[in-house]
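A.B. asks: I would like to see how this sequence folds:
(3 chains)
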Amino acid sequence: MEFLESLNEAQKKAVEHINGPAIIIAGAGSGKTRVLTFKIAYLIKNGIDPFNILSLTFTNKAAREMKQRISSSVGEQQAKSLWMGTFHSVFAKILRIEHQKIGFPSNFTIYDTDDSKSLIKTILKDMNLDAKVYKPGLVYNRISSAKNNLLSANDYAKNSSIVAEDTRSSKPLIYEIYKKYQSKLLRAGAMDFDDLLFRTNELLRDDPQSLHKYQNKFKYILVDEFQDTNFSQFTILKRLAALFENITVVGDDAQSIYAFRGANIQNILNFKKTYPDAEIFRLEQNYRSTKNIVNAANSVISKNKEQLKKTVWTQNDEGEKIRVFRTNSDQEEGMAIANEIFRLNNETHLDFESYAILYRTNAQSRALEEALRKSDIPYRIYGGLSFYQRKEIKDLLGYFRVTLNPNDEEAIKRVINFPVRGIGKTTIDKMVLAATENEVGLWEVLTDPVNYNVKLNGPTISKIKSFADLIKSFRIVIEKDTAYDSGQKIAASSGLLKEYYSDKSAEGLSRYENIQELLAGLKEFSEDQKEQGLADKLPDFMNEVALLSDQDSSDDDEKEKVTLMTIHAAKGLEFPYVFVTGLEENLFPSQLSINSRADLEEERRLFYVAITRAEKRAHISYALTRFKWGNLIYCEPSRFIEDIEEEFLDYPYLETQTKKFQDFTLKPKQTLTFPSKTNKPYSPPRNLKKLSNTSPQAFEGSPAEEIITGVEVEHQRFGKGKVLQVEGQIPNKKATVFFQGIGQKQLLLKFAKLKVL
DNA sequence: TAATGTAGAGTTTTT
DNA sequence: CTCTACATTA
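C.D. replies: Below you'll find the model as predicted:
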């Protein structure tokens, strides 16, 4: 087939394998995603019904991109019936279909981590346990890891090593919390993320009918990022693939960096043991990076014991050596990088999006940001609080959740008194207690507090009643209206819109905008569904939204900016120039990892991932001192620097290059130093727009009065455009604007910032 | 019930 | 240092 011509031999062989188990070990930058998409296209072109193909990825984004590519190769019609998604989204879908078999409503709520922790707190209170001993986060992790290993609460209580561990840390009651947690979830009609996989396992284990149904449906299974799967996920795969064994997994053991959340590197290391007939394909040619980068990365990873045999190589240029920067402090580290980016930028004229600054912990971003700001280099930080974790978003989704599933206790607690309705903490506590004692859901008590002997005064009872009536009225709304209309109505009638609209602080403003953004997303959803002839009701939206994350939203307005992110967040990405920062003992590798060989190997893989993000040149830096929680601490260079063979390193600012680490107290002058803040070491860039990126006020819109028909305007996301039409009065003035290359947009001027040019 | 003050904790993160 | 969560006060 001619479409395979663009592949190399190894890639081609991997694509052409059809039947039986296979493992594709894909080195960094070896065209893994390409192989996977080609392979699916190849299967389809060989007459395999896309309806019988299941493809699992780690993010929704990856799934969407892959589906798009396949659809352009085999046609949209064919691609449509493919099942492609994350483990969680695919199996949530199946659980909704089979909900009766597992005793859940089809509209079950998916609790996120915050919901789960809050539920655990409630349980702790119930059991009179000290939240300082039984830290909710820790308890959650214990339960989560049990579930990832398919241990039920009873299994947990019976497992001697777990019991021993909990006894040792004097938290013997975790199994009891686990038990209560599960029964509360069941009563709330909710599952946490791990339950989606756990219950799928139960379904496939206990219901032969479902097992056969899905075994026969998914005759071909493909899994991306297999090195990051956990036991629970692999067990699902084994069950589904048991009949045909047409399972292809793709991954790179050297890039397994999620053990801390349950990923089991043994899944990939021992794949051959599970499937002795598995064919092994190795993708070893790197198309991304220079020889120096590839070889330096190889020298790092070779220090790990546990790994699959492979040799990553490249035909690319030799390139430059990895530059090592040593600075006196974390601030100077930032300055050194900002300086280097500025210098490089003058030299190469590349966009700022060609640069990435990576770090081990989010806390490091501050000093780096500061330096970039001082140098007028635009940047964008990834990570931090995600869109769906924002309070205002959770508030609105909370109303949606209660409307769909009145048993969703966490959602009720979130919205019952926000906006304030005079239903206070004590009242809620009383009702929660009554619900627990009577073994009913909170909603039951809420709708009939007197019947459950909750002692409340008259006004409070009527306040509660009007809240319940509000929710009931929403139920009628979502029956009749489209997802978007329902969302609008709920946002308005709940009082949320008004609440955030009347908050004129910068924070309140951005909250209001976020709510509008969610509603805009809802509108987009409604339109898409209509276009595809699919159901367009609020529940359909909610089924998708619980498993979405920020990374799923495309941010096309973020070009021209340097990227700052954790190394974890950078996995799968590539940049021409990469700066890996904070190469210091106890930071990278992290302090918590240095006592265990396995943890240390994971940190080393993380370092490997960091270096292999670079296409043209990688930089690593370390500081001799660093502020940690307000205290100055002295740092030692990371052992990982020594893991790179000397021949691949360059110390542009050190006089002595033969010896790596002198005692820094002896030769402080060899480190990079920078003039004081007032005295910049270079003239500021002239043609750079002054962008202070992260601040919400960065883009100033013109007052609504100035937006009139015919004027040229600029929008932060859509760029330049012309106002075609204006309707309505301030504050509800609406403009129709034509943006070059984008098309017409209708914008409400109270949220869309338009600048008159 | 709402607002204000204080103690304590603070890898990595998608679902 | 900085944010969050809880407790105390008005």
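
A.B. asks: pLDDT below threshold where in the stretch 501-650 of chain A?
C.D. replies: Applying pLDDT under 70 to the stretch 501-650 of chain A picks out residues A:549-559.

A.B. asks: What count of nearby residues applies to residue A:9?
C.D. replies: Residues lying near residue A:9 (other Cβ atoms under 10 Å) number 8. Placement of C-beta: from N, CA and C, glycine included.

A.B. asks: Quick one: residues contacting it.
C.D. replies: Taking Cβ atoms under 8 Å, 6 or more residues apart in numbering, we find residue A:9 in contact with no residue.

A.B. asks: mind checking pLDDT for it?
C.D. replies: pLDDT for residue A:9: 94.

A.B. asks: Kindly provide the distance from it to DNA strand C.
C.D. replies: 52 Å (Cβ to the nearest atom of the strand, to the nearest Å).

A.B. asks: how about the nearest residue to residue A:367, chain neighbours excluded?
C.D. replies: Sequence neighbours aside, residue A:330 is the residue nearest to residue A:367 in space, at 4.3 Å (criterion: Cβ to Cβ, 6 or more residues apart in numbering).

A.B. asks: residues from chain A in reach of DNA strand C?
C.D. replies: A:121, A:131, A:385, A:627, A:629-630 (Cβ under 7 Å from any atom of the strand).

A.B. asks: pLDDT on the helix or strand hosting residue A:268, on average?
C.D. replies: Taking DSSP states H and E as the definition, residue A:268 sits inside helix A:266-269. Averaging pLDDT along helix A:266-269 yields 92.

A.B. asks: Identify the residues contacting the helix or strand following it?
C.D. replies: The helix or strand immediately downstream of helix A:266-269 is helix A:271-274, counting by DSSP H and E. The contact list for helix A:271-274, computed with Cβ under 8 Å, 6+ apart, reads A:21, A:23, A:226, A:238, A:249, A:278, A:280.

A.B. asks: can you map out the strands along the stretch 301-450 of chain A?
C.D. replies: Ranges of strands within the stretch 301-450 of chain A are A:313-314, A:322-329, A:355-359, A:379-381, based on DSSP state E, counting those that start in this stretch.

A.B. asks: elements contacting the third one?
C.D. replies: Applying 3 or more Cβ pairs under 8 Å, 6 or more residues apart in numbering; DSSP states H and E, one finds that strand A:355-359 contacts helix A:330-348, helix A:365-374, strand A:562-566, helix A:567-570, strand A:575-580.

A.B. asks: Is any residue of that strand near DNA strand B?
C.D. replies: No: applying Cβ under 7 Å from any atom of the strand, one finds strand A:355-359 separated from DNA strand B by no less than 8.4 Å.

A.B. asks: Dump that strand to CSV, restricted to CA.
C.D. replies: Output of strand A:355-359 as CSV, limited to C-alpha atoms (Å, rounded to 0.1, in the frame of the first residue of the first chain):
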residue,chain,number,x,y,z
TYR,A,355,11.5,27.7,23.6
ALA,A,356,10.4,25.7,26.6
ILE,A,357,11.6,26.0,30.2
LEU,A,358,11.0,22.8,32.1
TYR,A,359,11.2,22.2,35.9
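
A.B. asks: Give me the sheet partners of that strand and which way each runs.
C.D. replies: strand A:562-566 (parallel), strand A:575-580 (parallel) (DSSP bridges).

A.B. asks: Name the nearest residue to residue A:607, ignoring sequence neighbours.
C.D. replies: Of all residues not flanking residue A:607 in the chain, residue A:640 sits nearest, at 4.8 Å (Cβ to Cβ, 6+ apart).

A.B. asks: Please identify the buried residues of the host helix or strand of the one you found?
C.D. replies: Following DSSP H and E, one finds residue A:640 within helix A:639-643. Going by neighbour count (16 or more other Cβ atoms under 10 Å), the buried part of helix A:639-643 is A:639-641, A:643.

A.B. asks: Now flag whichever of those residues is closest to residue A:426.
C.D. replies: Minimum distance to residue A:426 across the buried residues of helix A:639-643 is 53.9 Å, recorded for residue A:640 (Cβ to Cβ).

A.B. asks: The closest one against residue A:606, yeah?
C.D. replies: No: contact criterion Cβ atoms under 8 Å: residue A:640 and residue A:606 do not qualify, at 9.3 Å.

A.B. asks: so who does the closest residue to DNA strand C within the stretch 151-300 of chain A touch?
C.D. replies: Across the stretch 151-300 of chain A, the shortest distance to DNA strand C (Cβ to the nearest atom of the strand) belongs to residue A:177, at 15.1 Å. Neighbour list for residue A:177: A:120, A:123-124, A:127, A:129, A:134, A:139, A:143 [criterion: Cβ under 8 Å, 6+ apart].

A.B. asks: hmm, try it at 10 Å
C.D. replies: Going by Cβ atoms under 10 Å, 6 or more residues apart in numbering, residue A:177 touches A:119-120, A:123-124, A:126-127, A:129, A:134, A:136, A:139-140, A:142-143, A:153, A:171.

A.B. asks: Give me the subset of those that lies in helices.
C.D. replies: A:119-120, A:123-124, A:126, A:136, A:139-140, A:142-143, A:153 (DSSP state H).

A.B. asks: packing partners for the helix holding residue A:268?
C.D. replies: helix A:231-241, strand A:247-251 (3 or more Cβ pairs under 10 Å, 6 or more residues apart in numbering; DSSP states H and E).

A.B. asks: Poorly predicted segments of chain A, please.
C.D. replies: Where chain A drops to pLDDT under 70, the residues are A:1-2, A:384-385, A:549-559, A:653-705, A:714-722, A:724-755.
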